[in-house]
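> Pasting the sequence and the predicted model now:
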Amino acid sequence: MIAADQHVVLVGMTGVGKTTVARVLADRLGRRMFDSDAMIESRSGRTVREIFAGDGEPAFRALETEVLLDALASAEPVVISTGGGVVLAAANRAAMKAAKARVVWLCADPATLLERVKGGPHRPLLDDDPADTLQRMFRDREALYREVADAIVLVDNRSVSDVVEAVLR
C-alpha cells in the first residue's frame, strides 16, 4: 500500500516500462512525476548517449545519483522513474531506504526486454550485443533490485493499466 505522504520509486531493467508506468501512476495519484534520464538530459543539455560517449559511465552514474537525491528530497510525494542501473550504487540504494519511499521493482524476462529496446536511441550499454548484455545485466542486478524492492510487479504480457493497478495494490 502506498502511503499518502510516500514517494513511489520504480526500478527495473531498461525497457521494462518504468517511464510509461510512472506517467500513468502519477496521473492516477495526482502527483508530479520525475524521470531520472529526462532530468539528467535537461540539466546537462546532452542526451544519455552523449554523456556516455563523452564522459563515460561513471560521470553518468554520478548525475544519476544527483537527480535521484533531488527527487527524493521533494517535500511533496512524487513518482520517480529511475534508470535501470540506479541500484548499482550503494548510495542510491541507501537513499531510497532512508527516504522511506515505496520502491517497486518492475520485472520482465530479458527476452521481453530485448523486443522492447530494439533500436532504442538512448541505451548505449546495449550497442554491441543487446541479448547477451541484457542477460548479464539482469544477472548482475537482480539481487540489488530485490534488496531495494518493497514489491515486485511482473510486467510480461500485461498492459500498462494492469501494471499500474498491480503497483497500486
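Nice, thanks for sending it over. All values derive from a computational prediction rather than experimental measurement. Numbers count the residues shown, from 1 in each chain.
> Run through who's touching the helix or strand hosting residue 105.
Using DSSP states H and E, residue 105 falls within strand 102-107. When contacts are defined by Cβ atoms under 8 Å, 6 or more residues apart in numbering, strand 102-107 is touched by residues 2-3, 6-13, 16-18, 21, 96, 145-146, 148-155, 163, 167. Using the backbone N, CA and C atoms, a C-beta is placed for each residue, glycine as well.
> mean confidence for that strand?
In this model, strand 102-107 carries a mean pLDDT of 97.
> quick one: strands adjacent to that strand?
In the sheet, strand 102-107 lines up against strand 8-11 (parallel), strand 151-154 (parallel) (DSSP bridges).
> So what's the residue count around residue 142?
Using other Cβ atoms under 10 Å, residue 142 has 14 neighbouring residues.
> Can you check what angle separates the host helix or strand of it from strand 102-107?
For residue 142, the host element (DSSP H and E) is helix 130-148. Helix 130-148 and strand 102-107 are oriented at 150 degrees to each other (axes from the mean of the first three to the mean of the last three Cα atoms, to 10 degrees).
> what does the average pLDDT come to for helix 130-148?
Mean pLDDT, helix 130-148: 88.
> shaky segments in the chain?
Scanning the chain with the threshold set as pLDDT under 70 gives 116-130.
> and the helix holding residue 142, what other elements does it pack with?
The contact analysis (3 or more Cβ pairs under 8 Å, 6 or more residues apart in numbering; DSSP states H and E) places helix 130-148 against helix 90-98, strand 102-107, helix 110-117.
> got the angle for that helix vs helix 90-98?
Using the same axes, to 10 degrees: helix 130-148 against helix 90-98 is 40 degrees.
> What are the contacting residues of helix 130-148?
For helix 130-148, the surrounding residues in contact (Cβ under 8 Å, 6+ apart) are 11-14, 84-85, 87-88, 93, 96-97, 103, 105, 107, 110, 113-114, 117-118, 125-126, 152.
> Just the buried ones from those, in PyMOL syntax?
Those of the contacts of helix 130-148 that count as buried under 16 or more other Cβ atoms under 10 Å are selected in PyMOL with:
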select buried, resi 11+12+13+14+84+85+87+88+93+96+103+105+107+110+113+114+117+125+126
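> Next, the buried residues of stretch 148-159.
Neighbour-count burial for stretch 148-159, with 16+ other Cβ under 10 Å as criterion, is recorded at 148, 149, 150, 153, 155, 158.
> Could you give the bridge partners of the residue lying closest to the second one once chain neighbours are set aside?
Meaning residue 149. Leaving aside its sequence neighbours, residue 149 sits nearest to residue 105 (Cβ to Cβ, 6 or more residues apart in numbering; 3.9 Å). For residue 105, the beta-bridge partners are residue 11, residue 152 (DSSP bridges).
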